[in-house]
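**Student:** whatever this is, show me its structure:
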Amino acid sequence: MRLPDLPVPEVTEGTVLVKAQAAALNPVDNALAAGTMAQMIPRQYPLVLGRDAAGTVEAIGPGGHQRGGRRRGDRAHAADPPVRLGTLGHHAQSQVSGRVGLRG
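**Tutor:** Residues are numbered from 1 along each chain as shown. Model prediction:
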């Protein structure tokens, strides 16, 4: 295993970038790392594990303000389905839908 520096994910239409301050390592992450879920969830490398993180909104993609009411600096919980990984990195990209929460 290597731990390279990867670029910060780009915000796109309908996404927010959350600067992670805490993240969970779940059994699914361990199974993905071990390769035991390769048939159900294909891996793409480089692979950053993690399905949920808490932190602050750092950037908002186009249209995100109107759809989610989020602002830069808002506290946030970012969670994604298992096929969208990456919350164990310094930053996590999440949909603006109801998946980014924690107001105030």
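**Student:** the most centrally placed residue in the chain: which element?
**Tutor:** Nearest to the mean C-alpha position of the chain, by C-alpha atoms, centre = their mean, lies A92 at 3.2 Å. Take DSSP states H and E as the rule and A92 turns out to sit in strand 91-95.
**Student:** where does this protein have low pLDDT?
**Tutor:** Applying pLDDT under 70 to the chain picks out residues 1, 64-69, 80-85, 96-104.
**Student:** how about the helices in it?
**Tutor:** Secondary structure of the chain (DSSP state H): helices located at 27-34, 64-68.
**Student:** now the strands for this structure?
**Tutor:** 15-23, 52-60, 75-79, 91-95 (DSSP state E).
**Student:** angle of the last one against strand 75-79?
**Tutor:** Using axes from the mean of the first three to the mean of the last three C-alpha atoms, to 10 degrees, one finds that strand 91-95 and strand 75-79 are set 80 degrees apart in direction.
**Student:** output strand 91-95 as PDB, nothing but the C-alphas.
**Tutor:** As requested, C-alpha coordinates have been extracted for strand 91-95 and formatted as PDB (Å, rounded to 0.1, in the frame of the first residue of the first chain):
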ATOM      1  CA  HIS A  91     -11.400  16.600   1.400                       C
ATOM      2  CA  ALA A  92     -14.600  14.800   0.300                       C
ATOM      3  CA  GLN A  93     -16.900  15.600  -2.600                       C
ATOM      4  CA  SER A  94     -20.600  15.100  -1.900                       C
ATOM      5  CA  GLN A  95     -23.900  15.800  -3.700                       C
END
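**Student:** that strand: how far from the chain's middle?
**Tutor:** 4 Å (C-alpha atoms, centre = their mean, to the nearest Å).
**Student:** what pairs with it, parallel or antiparallel?
**Tutor:** strand 15-23 (antiparallel) (DSSP bridges).
**Student:** any buried residues in the partner strand, and which?
**Tutor:** Neighbour counts using 16 or more other C-beta atoms under 10 Å place 15-20, 23 of strand 15-23 among the buried residues. For the C-beta atoms, the positions are set from N, CA and C on the backbone; glycine is no exception.
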